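Novice: the following comprises the amino acid sequence and a computationally predicted model.
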Amino acid sequence: MGAMENKSLNIFNSRLVLADPDSSTDLDYARIEGVVAHEYFHNWTGNRVTCRDWFQLTLKEGLTVFRDQSFSADMNSAPVKRIEDVAILRASQFSEDAGPMAHPIRPDSYIKMDNFYTVTVYEKGAEIIRLYHTLLGPEGYRKGMDLYFKRHDGQAVTCDDFLAAMADANGEDLSGIGKWYSQAGTPTLMVSTSYDAAKKTFTINTKQTTPPTNGQPDKLPVLIPLKVGLLGPDGTDLPLHLEGKGDVGTSTVLRCDDTANTFTFTDIEVEPVLSALRGFSAPVKLVVEGQTDDHLRLMFAHDSDSFNRWEAGQRLYMKLILQLYDAAAAGSASASVSERCAAAGGVKPELVEAFKAVLEDEQLDGSFKAMAIRLPAVNEIVDRIDHADPALVWQIRHYVYQQLAMQLRPVLEQLTKQNQMPPGTPYEFNATAAAKRAISNMAQSIVGSLDDAEIQEQLLRRFREATNMTDRMAALTVLCDHDTPQREAALQEFYQANKDKPLILLKWLAVQAGSFMPGNLKNVKALTSHPAFTITTPNCCYSLFLGFARSANFHASDGSGYEFLGDAVVQLDKINHQVASRVAGAFTTFKQYDKERQAMMMAQLKRIAAVEGLSENVFEIVTRSLQQVEAAT
């Protein structure tokens, strides 16, 4: 765990409170800043006003995550922080909602409460708090918080008490938000539009559905705040006149509170492009019918909402990756993945130009650029494919990066050079310096996807000349994906320089465990007996085992990765039940994969379930997964 907000004596995991420029990256500093803030904010939302029972855990944790996210956004780049938070939600929480451990943010039952310190309770819980902020606005939200503290200081209360304070302070009906607390799953919001040139009206139709989850076959509609804007042909925001409300500015929030809703804007002189779910105004999967690549490119270049500008790029990348995946999956096995992708049209010139435009836009913050040129995570892509082959997904994603690198290498290398810190520059953690490092290292990472000996030498030189841990780890991460002498040299030098610094060696373990280098399992197995690894230390286990679970090698077609992690769960359960259950969680996403991998993952779950003396922590994870299989057959 990260930390605990005991009144007057906060307790922290050492990696989330100790930092210095020689051992910590920008990400480490940002996480420490956020976690320290989180525990400080718990004084009010957790200690002075606390939970009546464990089922109300999200009352303090979701609310406090929202507060620490807001703090970090104010301290650094608010648009980038929002993108980072949504990326984590989609990569981790959406898959949890789709798996056997799906649960509402306020669970209605548990065997071990330890298993419900989850991304659903924390991160999705924070998104539900954000719904209040979006619907009520900053002033209305503050009024609700003031009333909540006035009513309940010194009390143990429930999520319903929080909702009541928000509603009463603002005279609003917020009962639709209450359904989010008791309903598991990620809603899909379908949006269709129509433009009437004669009447100069633009109509938005919405329809929401939530898939069944364990114990909840039928779902009710929830209140979804849909923040929208309309873009003109040049990408500028159009003034909005909502039927029944009048002038609402250039961006407004629509309340989608039924299975289907309709909204009409008047006095729209030209057919607009819809910018929907601005700021990711609700934790849903958005589908916009009729949205074209031209629409997305316009938004990617001009949308005034930073999140939707980034999102437009992500949708363009995702469409391409899914098209290439389908072509590669259906293609001849005798042809390489690259050949199958090339035969399907490869990476389109229009996408390369859109990508290049972001790189060359001098008005964009470097951190935003780094996020905008990062392809969707493997988990997000898998979530869009029925019975996905995760190894093929990784190969397709790698192919796209290689194509972008080949076509834009001079631009990417120039960005790396322009934003590189001169030798001897003292490290500073601030938004400006972090932004330069972010775009420099992201550009370097894309170029590093190419199998080129010269690039590997450049990466090794950058690793050796780095003046801070952020740049050093960025170079090492890219090197670790290639089986080269440069990789071995960098790993050995890093270990020798830090062999007496266990916190730093956690990075060394994680970067190797998470490597996508083919056949990396043998290296990970060797690390389990390395002096840097201690199986009784939770942080070591998270770095090695969970790092491996996020790599393509975990999903090796022969099942060896699953067997390795299954062995680890059995061994860990005799040492630390909580750590073992977290590692076992890697198997709960089995439904997302192809039938062969599903069978192999289920075989490991059954093997673990048969172990005598299994802890309740692991038992709950494993049996809920297997029950989902039984319910489906």
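Specialist: The structure has been received and is ready for your questions.
Novice: isn't Asp305 up against Leu230?
Specialist: No - judged on C-beta atoms under 8 Å, Asp305 makes no contact with Leu230 at a distance of 11.6 Å. C-beta: built from backbone N, CA, C; applies to glycine.
Novice: for the protein, which spans come out with low pLDDT?
Specialist: 1, 112, 629-633 (pLDDT under 70).
Novice: which element, helix or strand, includes the nearest residue to Asp160 once chain neighbours are set aside?
Specialist: Take Asp160 and drop its neighbours on the chain: the residue closest to it by C-beta to C-beta, 6 or more residues apart in numbering is Gly178, 7.2 Å away. Using DSSP states H and E, Gly178 sits in helix 175-182.
Novice: okay, now the sheet partners of the following helix or strand past that helix, with direction.
Specialist: Remark: after helix 175-182, the chain's next helix or strand is strand 188-196, criterion DSSP H and E. Note on strand 188-196: by DSSP bridges, its sheet partners are strand 201-209 (antiparallel), strand 285-288 (parallel).
Novice: alpha carbons of strand 188-196, as PDB, please.
Specialist: Extracted as PDB, the C-alpha positions of strand 188-196 are listed here (Å, rounded to 0.1, in the frame of the first residue of the first chain):
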ATOM      1  CA  THR A 188     -21.400   3.100 -22.800                       C
ATOM      2  CA  LEU A 189     -22.900   6.300 -24.000                       C
ATOM      3  CA  MET A 190     -24.000   6.200 -27.700                       C
ATOM      4  CA  VAL A 191     -24.300   9.700 -29.300                       C
ATOM      5  CA  SER A 192     -25.900  10.400 -32.600                       C
ATOM      6  CA  THR A 193     -26.400  13.900 -34.200                       C
ATOM      7  CA  SER A 194     -28.400  15.500 -36.900                       C
ATOM      8  CA  TYR A 195     -28.200  19.000 -38.500                       C
ATOM      9  CA  ASP A 196     -31.200  20.700 -40.100                       C
END
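Novice: after the host helix or strand of Asp28, which helix or strand is next?
Specialist: Per DSSP H and E, Asp28 falls inside helix 26-41. For helix 26-41, the following helix or strand on the C-terminal side (DSSP H and E) is strand 50-51.
Novice: Gln363 - how many residues pack around it?
Specialist: Around Gln363 there are 5 other residues, counting by other C-beta atoms under 10 Å.
Novice: swap in Asp247?
Specialist: 10.
Novice: and it, how far from Ser14?
Specialist: To Ser14, Asp247 is 54 Å away according to C-beta to C-beta, to the nearest Å.
Novice: circling back to that earlier point, who does the helix holding Gly178 touch, helix- and strand-wise?
Specialist: Judged by 3 or more C-beta pairs under 8 Å, 6 or more residues apart in numbering; DSSP states H and E, helix 175-182 is in contact with helix 125-152, helix 159-170.
Novice: check the secondary structure at the residue nearest to Ile575 when sequence neighbours are not counted for me.
Specialist: Of all residues not flanking Ile575 in the chain, Thr536 sits nearest, at 5.8 Å (C-beta to C-beta, 6+ apart). Classification of Thr536 using DSSP: H, G, I helix; E, B strand; the rest coil returns coil.
Novice: centroid-nearest residue for this structure?
Specialist: Ile88 (1.8 Å; C-alpha atoms, centre = their mean).
Novice: can you give me the distance of Thr537 to Tyr117?
Specialist: Separation of Thr537 from Tyr117 (C-beta to C-beta): 19 Å.
Novice: scratch that, Asp594
Specialist: Applying C-beta to C-beta, one obtains 31 Å for the distance of Asp594 from Tyr117.
Novice: then Leu226?
Specialist: 31 Å.
Novice: neighbour count: the two, which is higher?
Specialist: Using other C-beta under 10 Å, the more surrounded residue of Leu226 and Tyr117 is Leu226, with 24 against 15.
Novice: so the more buried one is in contact with Cys256, correct?
Specialist: Yes - if you go by C-beta under 8 Å, Leu226 and Cys256 touch, sitting 5.2 Å apart.
Novice: between these two, what contacts are shared?
Specialist: By the contact definition C-beta atoms under 8 Å, 6 or more residues apart in numbering, Leu226 and Cys256 are jointly contacted by 189, 206.
Novice: where does the residue lying closest to Ser23 once chain neighbours are set aside land in three-state SS?
Specialist: Leaving out its chain neighbours, the residue that sits closest to Ser23 by C-beta to C-beta, 6+ apart is Ile504, at 4.9 Å. Under the three-state scheme (three-state DSSP), Ile504 adopts helix.
Novice: okay, now Ile504: neighbour count?
Specialist: 20.
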